[in-house]
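Student: Here is a sequence together with a model predicted from it:
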Amino acid sequence: MRTETVIKLHNTKTRTKEVFTPINPDNVRMYVCGPTVYDRAHLGNARPVVVFDILNRLLRQTYGADRVTYVRNFTDVDDKINTRAAESGRDIGVITDETIQWFLDDMAALGAIEPDHMPRATQYIPQMVTMIEQLIAKGHAYEAEGHVLFAVDSWKQGYGKLSGRSVDDMIAGARVEVAPYKRNPMDFVLWKPSDETQPGWDSPWGRGRPGWHIECSAMSFELLGDTFDIHGGGNDLMFPHHENEIAQSCCANGDDSFAKVWLHNEMLQVEGKKMSKSLGNFFTVRDLLEQGVPGEVIRLVFLSTHYRKPMDWTDKKAKEAEATLRKWRALTAGIEPAANAAAVVVEALSDDLNTAGAITELHKLAAAGDAAGLLASGQLVGLLTDDIGDWAQTADIDLSNFEVLLSEARAAAMASKDFSEVDRLKAGFVDAGLEVRMSKAGVELVPGPGFDASKLEGLS
Ligand SMILES: [Zn+2]
């Protein structure tokens, strides 16, 4: 479906919100930097996935689902992976395959649509070698002691423009790896030698492996061409990773090539603090899912903050989001979605992905009792869909029989002074994820976020 939607996006490159005009509306192309695969995705890793999933959905809605090409890579060659393999004694390929599947499962639980292409770096080594050869031939890279380095001085006019720094500023402020073979401390690695214990590929510079940055330049060129519409990622990647991608691609393919629009999402915090292992507030998406926080709840919490603002994850927000979704799902149960999402919701998203504004509009639709409109509009942002809705089904289960059961057991125990049956039932309910409220007025069982009705079967 084509609409007259005008999409505006904040372009990091120009530091302004611009009207988005695709290079080719029949093939809108987006590249987003994906994860390095050696461990479970932490909650912060999930933020760009959800942010760019929203953009992907908006582009598909605007230009047509078959007129958008979304690429997100997997970095499956990296020294962190090598370290993990050495520590665990496991094969690198086994670790990366397993981690990629974890990532896909966890992101699917958040309702993220899989990109059209998910290239793995190790599948594009020949393309990286070709690009490095081009950079050497054009005088932008040089070989030194088995390494190939990008010569930042060869492109002083462009390097640093994205993040708004000069090469001299960057040298002064950056933690650059000093190495005797570098002509300039800012020069970065395109290729490095591998010893026998490290993964390696034959190349004109001996057996070795690519530096991190070159993979995104080579894979975006291969899958999207030398020039494409949107490049995304977390703002922690802006420098050096994205500066280096730009330098490589523009120097290999032509000065004005590569991405036209750059989008960067802000980072995630937990209860107002940076998430870190040392603060003890570090957790993965899987940890939350296993604690019974549904993926849909995580998604709604994420969408409640604009992508260019820091996202603060709090327990309170998760509880509120869960209550909201239970209400919305009850309201839309058995209802057919409206033919189109509400125009106000599309407008909010089109205004630089104002997801918080879109959620406000969903609340208004719910308050107005427009269930069909709420359903269509919620589904546009990946909420209220069937595939992530199983958790809410349990709300429909009739708990009154179990409440009667516990009441009767309590009455019997009062007489016999034997509370073992009461304790057995209570333990079973708690294990199933129910909150047990007992008062003189009676017994009430309230489903918590991790409620699993199947665990009640053996209790009656
Ligand atoms: Zn990248």
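Tutor: Ah, there it is.
Student: Dig out what residue 263 forms beta bridges with.
Tutor: Per DSSP bridges, the residues bridged to residue 263 are residue 232.
Student: can you check the one 10 residues further on too?
Tutor: The partner list for residue 273 in beta bridges (DSSP bridges) reads residue 270.
Student: Count the neighbours of it for me.
Tutor: By the criterion of other C-beta atoms under 10 Å, residue 273 has 10 neighbours. Every C-beta, even on glycine, is put in place using the N, C-alpha and C of the backbone.
Student: which residues touch the residue nearest to the spatial centre of the chain?
Tutor: With distances taken as C-alpha atoms, centre = their mean, the chain has residue 49 as the residue nearest its mean C-alpha position (2.1 Å). The contact partners of residue 49, taken as C-beta atoms under 8 Å, 6 or more residues apart in numbering, are 41, 107, 110, 112.
Student: so the second one sits right up against residue 48, yeah?
Tutor: Spelled out, it's residue 107. No: using C-beta atoms under 8 Å, residue 107 makes no contact with residue 48, being 10.5 Å away.
Student: higher neighbour count, the two?
Tutor: Neighbours per residue (other C-beta under 10 Å) separate residue 107 from residue 48, with residue 48 holding more: 26 against 22.
Student: For that one, what is the enclosing helix or strand?
Tutor: Element membership for residue 48 (DSSP states H and E) is helix 43-63.
Student: May I ask you to confirm that residue 220 is in contact with residue 228?
Tutor: Yes: Residue 220 is within contact range of residue 228, at 6.7 Å (criterion: C-beta under 8 Å).
Student: so the residue of the stretch 251-400 of the chain found nearest the ion bridges to which residues?
Tutor: The nearest approach of the stretch 251-400 of the chain to the ion comes at residue 259, 10.7 Å away (C-beta to the ion). Beta bridges link residue 259 to residue 228, judged by DSSP bridges.
Student: Quick check: residues of the chain near the ion?
Tutor: 33, 216 (C-beta under 5 Å from the ion).
Student: list the contacts for residue 283?
Tutor: 42-43, 270, 275.
Student: Let me fix that, I meant to ask about residue 321.
Tutor: Taking C-beta under 8 Å, 6+ apart as the test, what residue 321 contacts is 297, 300-301, 304.
Student: Using the record's domain definitions, break this protein down for me.
Tutor: 8-268, 292-394, 397-459 (automatic domain parsing).
Student: backbone phi and psi for residue 436, please?
Tutor: Dihedral pair for residue 436: phi -100, psi 120, per degrees, to the nearest 10.
Student: What distance do you get for it to residue 407?
Tutor: Residue 436 sits 12 Å away from residue 407, taking C-beta to C-beta, to the nearest Å as the criterion.
Student: just residue 63 next, same as before
Tutor: Distance from residue 63 to residue 407, by C-beta to C-beta: 59 Å.
Student: Give me the more crowded residue out of the two.
Tutor: residue 63 (21 against 13).
Student: okay, now the nearest residue to that one once chain neighbours are set aside: neighbour count?
Tutor: Closest residue to residue 63 apart from its sequence neighbours, by C-beta to C-beta, 6 or more residues apart in numbering: residue 28 at 5.2 Å. Neighbour count for residue 28, taken as other C-beta under 10 Å: 23.
Student: Residue 28: what's it in contact with?
Tutor: 22, 59, 63, 67-69, 229-230.
Student: Below-threshold pLDDT in this structure: ranges please.
Tutor: Regions of the chain meeting the criterion pLDDT under 70 cover residues 1-3, 171, 173-176, 394-397, 449-450.
Student: Show me what stretch 392-409 is in contact with.
Tutor: By C-beta under 8 Å, 6+ apart, the list of residues contacting stretch 392-409 reads 294, 296, 325-326, 329-330, 333, 421-422, 425-426, 429, 434, 436, 438, 442-445, 447, 451-453, 456, 459-460.
Student: where does residue 306 land in three-state SS?
Tutor: Following DSSP: H, G, I helix; E, B strand; the rest coil, we place residue 306 in the coil state.
Student: Next one: it from residue 283, what distance?
Tutor: From residue 306 to residue 283 the distance is 23 Å (C-beta to C-beta).
Student: shouldn't residue 22 be in contact with residue 64?
Tutor: No: assessed by C-beta under 8 Å, residue 22 is found out of contact with residue 64, at 11.3 Å.
Student: now the strands: where do they sit in the stretch 301-450 of the chain?
Tutor: 311-313, 434-439, 442-447 (DSSP state E, counting those that start in this stretch).
Student: which of the ones you listed is buried the deepest?
Tutor: Counting by mean count of other C-beta atoms under 10 Å, strand 311-313 has the highest mean neighbour count of the strands of the stretch 301-450 of the chain, with a mean of 20.
Student: Indicate each strand paired with that strand and its parallel or antiparallel sense.
Tutor: If you go by DSSP bridges, strand 311-313 pairs up with strand 268-270 (parallel).
Student: Name the residues of the strand it pairs with that are buried.
Tutor: 268-270 (16 or more other C-beta atoms under 10 Å).
Student: Make a markdown table from these and add distance to residue 166 to it.
Tutor: Output for the buried residues of strand 268-270, formatted as a markdown table (distance: C-beta to C-beta, whole Å):
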| residue | distance to residue 166 |
| --- | --- |
| 268 | 30 |
| 269 | 31 |
| 270 | 35 |
